[in-house]
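S.K.: can't give you the sequence, but here's the structure:
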């Protein structure tokens, strides 16, 4: 591979790692403005260049896969920034109707995500490959897509969990059903995230802590939604109407995930306690125990 292509690959890897870490930690050196965080390097990674006679086909395929992976992750990151920007604008300008504004935007974002999936090169495509058979690049891209959907649907899920009084939910409003459907879709994507990440639950890699955190967050969102449904009053409309299919199994899978890593990852031990105490507030569920280890 040409030295210039290698330099670009290292540059993009470092740039992506810095952006991802800044979402997890507050670096003390400097705090870029929102405008700076949305900036991208002024170039795309160059495609790997080989002399066909001098390189093994497997090396060529790995280089191609890496290059297409970079481009695919860059594009989904751009879409993610677009979602964040739209929410900030809606919250600032929309007032009590900001969810209705975001509902219209959400359909645009869904279409963008579907187009992104449809246009991925075959070498990193996630449209046809079953999740259990994903290679590492497909596994990561599928996880990035789940992160994207979480952001798209989060305002509706958040509004349902908090039963926010400033959300305009009028019985005469024809868009109420749309908001309820978006809320359910958001909860269903939390279930999907857990199932998508399950093949990597016991693999040790640099993204394992973030995988544990995101899946635990999804499990707690699902438990929180079920708890909130217990407190709903029948005399007014709500964003929560039903729980997504398979939510209990998804929560149990996350408990097993944290049990597996508890001895090595201190946060998993804490997550187990939180999950157990939250689950115990749902005595109406059948088979109310999470697992033997979680109860000890």
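M.R.: That came in fine, so what should we check first? If you're wondering where the values come from, they're calculated on a predicted model, not measured in any experiment. Numbering: from 1, shown residues only.

S.K.: which stretches of the stretch 1-150 of the chain have low pLDDT?
M.R.: 1-2, 4-5, 23-24, 26-57 (pLDDT under 70).

S.K.: Strands of that one, start to end?
M.R.: Here the stretch 1-150 of the chain has no strands by DSSP state E, counting those that start in this stretch.

S.K.: Show me where it has its helices.
M.R.: For the stretch 1-150 of the chain, applying DSSP state H, counting those that start in this stretch gives helices covering 3-22, 34-37, 57-93, 98-119, 136-162.

S.K.: Need those in JSON lines (columns: distance to residue 180).
M.R.: Where you see a C-beta, it was placed from the backbone N, CA and C, and this is true even at glycine. Shown next, in JSON lines, are the helices of the stretch 1-150 of the chain (distance: least, CB to CB, whole Å):
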{"stretch": "helix 3-22", "distance to residue 180": "33"}
{"stretch": "helix 34-37", "distance to residue 180": "31"}
{"stretch": "helix 57-93", "distance to residue 180": "18"}
{"stretch": "helix 98-119", "distance to residue 180": "10"}
{"stretch": "helix 136-162", "distance to residue 180": "9"}
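
S.K.: ranking those helices by burial, who's on top?
M.R.: With neighbours taken as mean count of other CB atoms under 10 Å, the helices of the stretch 1-150 of the chain reach their highest mean count in helix 136-162, at a mean of 21.

S.K.: quick one: that helix to helix 57-93, angle?
M.R.: Put simply, helix 136-162 runs at 20 degrees to helix 57-93, going by axes from the mean of the first three to the mean of the last three CA atoms, to 10 degrees.

S.K.: and helix 136-162, how far from the chain's centre?
M.R.: Remark: helix 136-162 is offset 3 Å from the chain centroid, using CA atoms, centre = their mean, to the nearest Å.

S.K.: and the next helix or strand after that helix, what does it pack onto?
M.R.: Once the chain leaves helix 136-162, the next helix or strand it forms, by DSSP states H and E, is helix 176-197. Judged by 3 or more CB pairs under 8 Å, 6 or more residues apart in numbering; DSSP states H and E, helix 176-197 is in contact with helix 98-119, helix 136-162, helix 208-230, helix 247-261.

S.K.: Same list (those) but as a markdown table, adding distance to residue 200.
M.R.: Formatted as a markdown table, those follow (distance: least, CB to CB, whole Å):
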| stretch | distance to residue 200 |
| --- | --- |
| helix 98-119 | 19 |
| helix 136-162 | 6 |
| helix 208-230 | 6 |
| helix 247-261 | 10 |
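
S.K.: So which of those helices is nearest residue 79?
M.R.: helix 98-119 (5.4 Å; CB to CB).

S.K.: Give me the contact list for that closest one.
M.R.: Contacts with helix 98-119, where a contact means CB atoms under 8 Å, 6 or more residues apart in numbering, come from 72, 75-76, 79, 82-83, 86-87, 90-91, 93-94, 126-127, 145, 148-149, 152-153, 155-156, 159, 167-168, 173, 175, 178-179, 182.

S.K.: And stretch 249-257, by the same measure?
M.R.: With CB under 8 Å, 6+ apart as the criterion, stretch 249-257 contacts 190-191, 194-195, 198, 201, 212, 215-216, 218-219, 222-223, 268, 272, 275-276, 279, 290-291, 294.

S.K.: which among the residues you listed end up buried?
M.R.: 190-191, 194-195, 198, 201, 212, 215-216, 218-219, 222-223, 268, 272, 275-276, 279, 290, 294 (16 or more other CB atoms under 10 Å).

S.K.: of the helices and strands packed on helix 176-197, which approaches residue 238 most closely?
M.R.: Once CB to CB is applied to these, the stretch that comes out nearest is helix 136-162, at 7.1 Å.

S.K.: quick check: angle from the closest one to helix 176-197?
M.R.: 140 degrees.

S.K.: nearest residue to residue 73 other than its sequence neighbours?
M.R.: Closest residue to residue 73 apart from its sequence neighbours, by CB to CB, 6 or more residues apart in numbering: residue 144 at 6.2 Å.

S.K.: check contacts around the one you found.
M.R.: 73, 76-77.
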